[in-house]
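Engineer: Structure, please.
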Amino acid sequence: MHVAWSVQLGWVNKYVAADIAAYVWPGSNRRAKVALNLDEKKAIVAEVSTIAASALSAVAAEYRGITVGDMTELRVKARNEGVYLRVAKNSLVKRAVEGTEFECMQDELVGPLIMAFSQEDPGAAARLVKNFSKDNDKLIPKVIAIGGQVLPIEQLEALSKLPTRDQAIAMLMAVMKAPVEKFVRTLNEPHAKMVRTVAAVRDQKQAAA
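Structural biologist: Numbers count the residues shown, from 1 in each chain. So this is what the prediction gives:
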């Protein structure tokens with residue numbers, strides 16, 4: 001029994017790391033809570049900070065009520081799509097994003113959240129959360145950020161439509177024979193739209209201040 005319990009606790013620390021990690025026992029509503037020590041907290045902060053320093057965008061989503069099976073499925077999809085996922089206490093995440101482009105999210109991190117950071121293309125985290133939440137209403141997008149700005153959650157769809165690396169290459173091939181000016185406009189347009197969106201949000205905030 002002791003061995004089985006230790007295995008379950010190890011699963012918690014590995015996959016649902018938080019200041020107080022929670023594991024939902026399969027087939028029940030029971031939860032095991034495991035307090036992390038100082039070194040474990042520091043490790044989480046260091047890891048998330050390293051990811052945030054190079055990430056292209058981030059999405060925070062509420063996962064209250066999501067099952068272990070669904071969480072496992074989400075993690076598999078994230079790995080396949082170049083998205084880093086982390087469940088951690090908000091106080092740890094807030095410390096981790098200090099000094100990064102995602103420091104702007106700190107005041108918005110409230111409640112049980114899973115953080116998704118795009119590592120390969122800017123729309124990856126938004127696509128992951130948007131597509132997964134279509135079939136699982138327990139995953140609710142709450143905060144999105146790109147370029148040092150928090151965007152209205154309604155912009156999740158627009159962010160998810162930014163081209164992937166493969167799509168950008170396909171666009172390149174499609175316009176190889178076109179004039180250079182046309183190629184540049186075609187390749188930059190999706191990103192230009194997001195930049196204009198970020199600028200508009202910034203201007204609105206400044207006007208309201």
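Engineer: For the rest of this, base every contact and every neighbour count on C-alpha atoms.
Structural biologist: OK.
Engineer: Show me how this protein divides into domains.
Structural biologist: Domains of the chain are assigned by automatic domain parsing as 37-161, 163-209.
Engineer: And the strands in the chain?
Structural biologist: 20-24, 31-35, 57-62, 83-87, 113-118, 140-146, 149-151 (DSSP state E).
Engineer: which stretch in the domains of the chain has the least confidence?
Structural biologist: Mean pLDDT values for the domains of the chain show the minimum at domain 163-209, a mean of 63.
Engineer: I'd like the strands of the chain written out as a markdown table, with mean neighbour count and distance to G99 added.
Structural biologist: Putting these into a markdown table (neighbours: other Cα atoms under 10 Å; distance: least, Cα to Cα, whole Å) gives the following:
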| stretch | mean neighbour count | distance to G99 |
| --- | --- | --- |
| strand 20-24 | 18 | 25 |
| strand 31-35 | 14 | 27 |
| strand 57-62 | 26 | 15 |
| strand 83-87 | 23 | 19 |
| strand 113-118 | 25 | 16 |
| strand 140-146 | 23 | 14 |
| strand 149-151 | 21 | 13 |
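Engineer: re earlier: okay, the domains of the chain, which one's buried deepest?
Structural biologist: The highest average neighbour count among the domains of the chain, using mean count of other Cα atoms under 10 Å, belongs to domain 37-161 at a mean of 19.
Engineer: First residue to last residue on that domain, what's the distance there?
Structural biologist: Terminal residues of domain 37-161 are spaced 40 Å apart (Cα to Cα, to the nearest Å).
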